[in-house]
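[1] coordinates only, sequence not included:
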Ligand code: FAD
Ligand code: NDP
């Protein structure tokens, strides 16, 4: 057992001294592995390592948001990302379902309305239960959890600093950094930080944000705007260039067309200039419409900045150990095995340069890293063909290359794009417009027509895309796809029947069964 100082020096309920842990647990070091960051990746890595018999500690510390929002163990996904987002997306979908329900015979007295406070409380309670669950899991798996801010002292030593200012030193054979990222504020817009919030705050608001301006046009912006509109709020998205940069732009257009049709306003090609708080408490936003050059203003109750995320490296003391970063993104440069430029120190998840910023990749990469560090495996994370979904009111799921990317890599004449506009059965009785329900499969044109990319907009597009992503992993071809027998009546089955090529110019609207 580690020796420890008496009484006041002991770390909450453990044997760890605040000043130094004696190097007896694993021989030379206190731990086999110290993980800095208890988010999706860090928790997965530390639990896997402990299960393989390693002595592991995980440090997690949440710096409150600029607005003072705080949360518990579990990182971005659990507290201010995937989980509260998907639940609020569900709240919005239910609103649409209630409207559909009337057409299906449900007698719903009076107009329906949404109560933000009820939703927020339920979502926040669920998140708290997950925080608790993570703590219990760490305890069960014998991972030492310390609620301290970690920084590097040298390639085997980490310093932890508690909220109360107390220090703990931990030594480890290997150190893993999985500290993720935090939302950015624009730096050149007066009033932006003072009066605006970010995704770190929106899910923890107890009261409705009211009329909201969402600035930005990627995943976070569109998903938040989607559930805000869907829960009945007057919502505008301010887009300075294009929506969903990096995604297939035809699909991005369908996503925003649907949002516009269902009530989200878009201020296209507009650049925010300043935010002022009026005596009434309303926020007056001034922006330039770059198409006309004109300055315009409007007032909002809330301004939500969704203008990207910055890696969380500030507190880590990376310069002390000479860690190499990408100067542009500030992320840590990593090799295929998640190694950094410093021996014995690894980094992965959102903090790793070039990695997808997604929870499942962080979890999988963390588990594989733990197995390699424990000497149980040599398997590397395969970051190719990772499926993802944008949880907008009409979901957009995709895996593999966009049509633009396939064209630029292979040449327009060397790819074949099969596509179809389909009508989800549930839209028919509800008399919903299905103009934006679309799917396309991008294939190599020659030979067996290997599938390069698959894209779907429609209800439950995430669920649809997940299964097909396994096909891409296995090298699926167009023949495999159409040899697959569909499940009727589903949206997913339309993929197994897709047969109109874009090149043919034929109408791609699905008719009949
Ligand atoms: P994180 O989960 O961010 O965890 C890092 C942890 O380290 C945090 O708890 C942080 O407080 C802590 N930390 C930082 N510095 C220190 C330090 N010095 N010492 C101790 N602890 C520290 N992904 C999906 O796959 N699907 C989705 O639907 C999805 N939705 C999202 C919605 C939003 C609004 C956002 C913002 C993100 C979403 N993501 C989604 C992305 C996903 O949340 C991240 O990719 C994922 O959480 C990254 O995991 P990570 O372990 O790298 O970092
Ligand atoms: P992104 O970096 O992907 O997008 C930032 C957006 O903000 C872009 O539209 C950008 O426009 C715009 N922008 C940047 N600066 C300004 C400015 N000063 N004024 C106006 N607009 C500005 O960030 P996100 O935060 O949306 O997403 C981060 C990552 O989180 C994603 O890459 C994704 O991996 C992950 N995530 C995953 C989700 C999921 O799986 N469903 C959901 C949410 C997030 P421009 O294109 O012109 O630069």
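    Perfect, thanks for sending it. From a predicted model like this one, the values you see are computed outputs, not experimental measurements. Residues are numbered from 1 along each chain as shown. Ligands and ions are numbered 1, 2, ... in the order given.

[2] CA atoms for contacts and neighbours, from now on please.
    Noted.

[3] can you pull out the strands in the stretch 1-150 of the chain?
    Remark: strands assigned in the stretch 1-150 of the chain by DSSP state E, counting those that start in this stretch are 31-36, 56-59, 143-146, 149-154.

[4] turn these into CSV, including mean pLDDT.
    Shown next, in CSV, are the strands of the stretch 1-150 of the chain (pLDDT from 0 to 100):
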stretch, mean pLDDT
strand 31-36, 98
strand 56-59, 98
strand 143-146, 98
strand 149-154, 98
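
[5] tabulate these (TSV), appending mean neighbour count and distance to ligand 2.
    Shown next, in TSV, are the strands of the stretch 1-150 of the chain (neighbours: other Cα atoms under 10 Å; distance: least, Cα to the nearest ligand atom, whole Å):
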stretch	mean neighbour count	distance to ligand 2
strand 31-36	28	20
strand 56-59	27	22
strand 143-146	21	26
strand 149-154	22	23
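
[6] just put the ones you listed in a markdown table and tack on distance to residue 264.
    Written out in a markdown table, the entries for the strands of the stretch 1-150 of the chain read as follows (distance: least, Cα to Cα, whole Å):
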| stretch | distance to residue 264 |
| --- | --- |
| strand 31-36 | 40 |
| strand 56-59 | 41 |
| strand 143-146 | 43 |
| strand 149-154 | 40 |
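
[7] nearest to ligand 1, of those?
    When the strands of the stretch 1-150 of the chain are compared for distance to ligand 1 using Cα to the nearest ligand atom, the nearest one is strand 149-154, at 3.6 Å.

[8] what does that closest one contact?
    Outside strand 149-154, the residues within contact range by Cα atoms under 8 Å, 6 or more residues apart in numbering are 36, 59-62, 158-162, 315-318, 320-321.

[9] mind redoing it with 6 Å?
    Contacts of strand 149-154 with the rest of the structure, by Cα atoms under 6 Å, 6 or more residues apart in numbering, involve 36, 61, 158, 159, 160, 161, 316, 317, 321.

[10] likewise for stretch 167-180?
    The contact list for stretch 167-180, computed with Cα under 6 Å, 6+ apart, reads 18-21, 29-37, 42, 156-161, 311-312, 344-348, 350-351.

[11] for ligand 1, what's the nearest residue on the stretch 201-350 of the chain?
    With Cα to the nearest ligand atom, the shortest gap between the stretch 201-350 of the chain and ligand 1 falls at residue 349, namely 3.4 Å.

[12] nearest spatial neighbour of that residue, skipping sequence neighbours?
    In space, residue 349 comes closest to residue 362 once its chain neighbours are excluded; the distance is 4.4 Å by Cα to Cα, 6 or more residues apart in numbering.

[13] with residue 401 instead?
    Excluding its sequence neighbours, the residue lying closest to residue 401 (Cα to Cα, 6+ apart) is residue 453, at 4.5 Å.

[14] so which residues on this structure come close to ligand 1?
    By the criterion of Cα under 6 Å from any ligand atom, the positions of the chain lying close to ligand 1 are 36-42, 59-62, 74-77, 80-82, 85, 148-151, 178-181, 199, 220, 312, 315-316, 349-351, 357-360, 362.

[15] now the helix or strand containing residue 271: mean pLDDT?
    Secondary structure from DSSP states H and E places residue 271 in strand 270-277. Within the predicted structure, the mean pLDDT of strand 270-277 is 98.

[16] who in this protein is up against ligand 2?
    Applying the criterion Cα under 6 Å from any ligand atom, the portion of the chain that neighbours ligand 2 consists of 186, 215-221, 240-243, 245, 271, 306-309, 356-358, 388-391.

[17] give me the phi and psi for residue 318.
    As for residue 318, its main-chain torsions (degrees, to the nearest 10) stand at phi -60, psi -30.

[18] got the buried residues for the longest helix belonging to the chain?
    The helix spanning the most residues in the chain, taking DSSP state H as the definition, is helix 116-140. Neighbour counts over helix 116-140 (16 or more other Cα atoms under 10 Å) mark 116, 119-121, 123-124, 126-128, 130-131, 134-135, 138 as buried.

[19] save those residues as a markdown table, and put in distance to residue 282 and pLDDT too.
    Listed next are these as a markdown table, based on distance: Cα to Cα, whole Å; pLDDT from 0 to 100:
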| residue | distance to residue 282 | pLDDT |
| --- | --- | --- |
| 116 | 19 | 98 |
| 119 | 24 | 98 |
| 120 | 22 | 98 |
| 121 | 25 | 98 |
| 123 | 27 | 98 |
| 124 | 26 | 98 |
| 126 | 31 | 98 |
| 127 | 30 | 98 |
| 128 | 31 | 98 |
| 130 | 35 | 98 |
| 131 | 34 | 98 |
| 134 | 39 | 98 |
| 135 | 40 | 98 |
| 138 | 45 | 98 |
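
[20] of those residues, closest to residue 290?
    Within the buried residues of helix 116-140, distances to residue 290 taken as Cα to Cα reach their minimum at residue 116, with 34.6 Å.

[21] based on its surroundings, how many neighbours for the closest residue in space to the closest one that isn't next to it in sequence?
    Residue nearest to residue 116 in three dimensions, not counting chain neighbours: residue 208, with 5.2 Å by Cα to Cα, 6+ apart. Counted with other Cα atoms under 10 Å, residues neighbouring residue 208 total 19.
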